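> Task: produce atomic coordinates for the following.
(chains A and B)
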Amino acid sequence: EPEVTQTPSHQVTQMGQEVILRCVPISNHLYFYWYRQILGQKVEFLVSFYNNEISEKSEIFDDQFSVERPDGSNFTLKIRSTKLEDSAMYFCASSDNRYNEQFFGPGTRLTVL
Amino acid sequence: DQQVKQNSPSLSVQEGRISILNCDYTNSMFDYFLWYKKYPAEGPTFLISISSIKDKNEDGRFTVFLNKSAKHLSLHIVPSQPGDSAVYFCAARITGNQFYFGTGTSLTVIP
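Residues are numbered from 1 along each chain as shown, chains lettered A, B, ... in the order given. As a prediction, this is how the structure comes out:
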């Protein structure tokens, strides 16, 4: 069964450093998403991406964040200058259209020291 | 803004009995609702969904009920099995827009 994959599974970084989280969505999906979950809190929407552009973003997704689909398979989330409060699980998701359920990857745990 | 709320952080149920997980929402414009199940160290897995034009959707042991007037959603699992032990998230959206997730309910099914 096709699945969304994410790398790395755990990323540790120093405050102020840039990180790139990688995702490979399901191959025939066209809509891509990033979510995060701070420990003990709810899953929060960050951004949705379709046709090589952002279609929706939340208040969390400020200028420190960017997304890119550099090739036909990867979907990346970049945090330019990490802060302590960026520590969270980051989930990538994809769907075949904007109306259906989203399929989630296993997540990347980001720890900012 | 807590548009989707799961007021019970945890629930324990005996194997074979019914598990009922509840979810409340505030935005009457939501028209699509889902339940996701999450095991530790894994991403959320889609379980079942319901459109606002329905009040019930059933898939095997899982049934989702929607009460639009009360802005309330529930997931029934019957019979509950130990493998159902996980965190369950409800999510809601206005079609085409972002999902709003609840904080999750941790279900433990006791053998």
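> give me the element the residue nearest to B:L75 when sequence neighbours are not counted is part of.
Excluding its sequence neighbours, the residue lying closest to B:L75 (CB to CB, 6 or more residues apart in numbering or on different chains) is B:L21, at 4.5 Å. All C-beta atoms are positioned from the backbone trio N, CA, C, and that covers glycine. Element membership for B:L21 (DSSP states H and E) is strand B:19-25.
> And for B:V64?
Per DSSP H and E: strand B:62-67 holds B:V64.
> ok now do residue 27, which residues does it touch?
You didn't say which chain, so I picked chain A. A:P2, A:S73 (CB atoms under 8 Å, 6 or more residues apart in numbering or on different chains).
> That was the other one, I meant chain B.
Contacts of B:N27 by CB under 8 Å, 6+ apart are B:Q3, B:A92, B:I94, B:Y100.
> and the residue of chain A found nearest chain B, how many neighbours?
Closest to chain B within chain A is A:F104: 3.5 Å, counting by CB to the nearest CB. Applying other CB atoms under 10 Å in any protein chain shown, we find 23 residues neighbouring A:F104.
> again with the one 5 residues further on
Here the neighbour count serves as a burial measure; for A:R109 (other CB under 10 Å) it reads 17.
> what does chain B have sitting close to chain A?
B:4, B:32, B:34, B:36, B:41-46, B:49, B:89, B:91, B:95-104 (CB under 8 Å from any CB of the partner chain).
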